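Participant: Just need the structure, nothing else, for what follows:
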Amino acid sequence: QLQLVESGGGLVQPGGSLRLSCAASGITSDYYATGWFRQAPGKEREGVSCISSSDGSTYYADSVKGRFTISRDNAKNTVYLFMHSLKPEDTAVYYCAAYRLFRSCVSEVNAMYAWGQGTLVTVSS
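Facilitator: Coordinates of the predicted model:
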């Protein structure tokens with residue numbers, strides 16, 4: 001069984017930065033991509049970014065491209081999401097999720113194999 005735990009959320013001013021972490025434990029060999037999705041009150045779930053476990057390929061939603069960077073530390077079984085130039089519209093609960101296929105992470109945000117409890121990011125002055 002796979003467990004994912006997110007951390008790093010908080011309150012930040014517009015234009016600020018945050019780093020989210022997603023630590024995986026348990027059976028970590030059954031999935032091939034890790035992604036971040038977010039959900040704001042009254043809005044649909046939005047896939048934000050993905051990283052392949054095999055070759056490190058990455059994907060970013062247009063809304064965050066150029067501002068967010070996803071990376072992974074295989075030795076620590078941890079995936080990071082570096083968020084810069086944050087905007088109020090980035091406010092949401094951010095979830096880390098595991099996908100069996102990279103393409104599922106990219107095109108089927110709800111096809112996750114497992115996900116964490118979420119961490120709240122609030123961008124406000």
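
Participant: what are the ranges of the strands in the protein?
Facilitator: Along the chain, counting by DSSP state E, strands occupy 2-7, 10-12, 18-26, 33-39, 46-52, 58-60, 68-73, 78-83, 92-99, 114-115, 119-123.

Participant: closest to Val106 out of those?
Facilitator: strand 58-60 (4.7 Å; Cβ to Cβ). Bear in mind the C-beta positions are built from the backbone N, C-alpha and C, glycine included.

Participant: circling back to that earlier point, dump the strands of the chain to CSV, plus mean neighbour count.
Facilitator: Formatted as CSV, those follow (neighbours: other Cβ atoms under 10 Å):
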stretch, mean neighbour count
strand 2-7, 18
strand 10-12, 14
strand 18-26, 18
strand 33-39, 24
strand 46-52, 22
strand 58-60, 18
strand 68-73, 17
strand 78-83, 22
strand 92-99, 24
strand 114-115, 18
strand 119-123, 18
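
Participant: In JSON lines: these, plus distance to Val106 and mean pLDDT.
Facilitator: Shown next, in JSON lines, are these (distance: least, Cβ to Cβ, whole Å; pLDDT from 0 to 100):
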{"stretch": "strand 2-7", "distance to Val106": "18", "mean pLDDT": "94"}
{"stretch": "strand 10-12", "distance to Val106": "27", "mean pLDDT": "98"}
{"stretch": "strand 18-26", "distance to Val106": "17", "mean pLDDT": "94"}
{"stretch": "strand 33-39", "distance to Val106": "8", "mean pLDDT": "96"}
{"stretch": "strand 46-52", "distance to Val106": "6", "mean pLDDT": "96"}
{"stretch": "strand 58-60", "distance to Val106": "5", "mean pLDDT": "97"}
{"stretch": "strand 68-73", "distance to Val106": "12", "mean pLDDT": "96"}
{"stretch": "strand 78-83", "distance to Val106": "15", "mean pLDDT": "97"}
{"stretch": "strand 92-99", "distance to Val106": "9", "mean pLDDT": "96"}
{"stretch": "strand 114-115", "distance to Val106": "16", "mean pLDDT": "94"}
{"stretch": "strand 119-123", "distance to Val106": "22", "mean pLDDT": "98"}
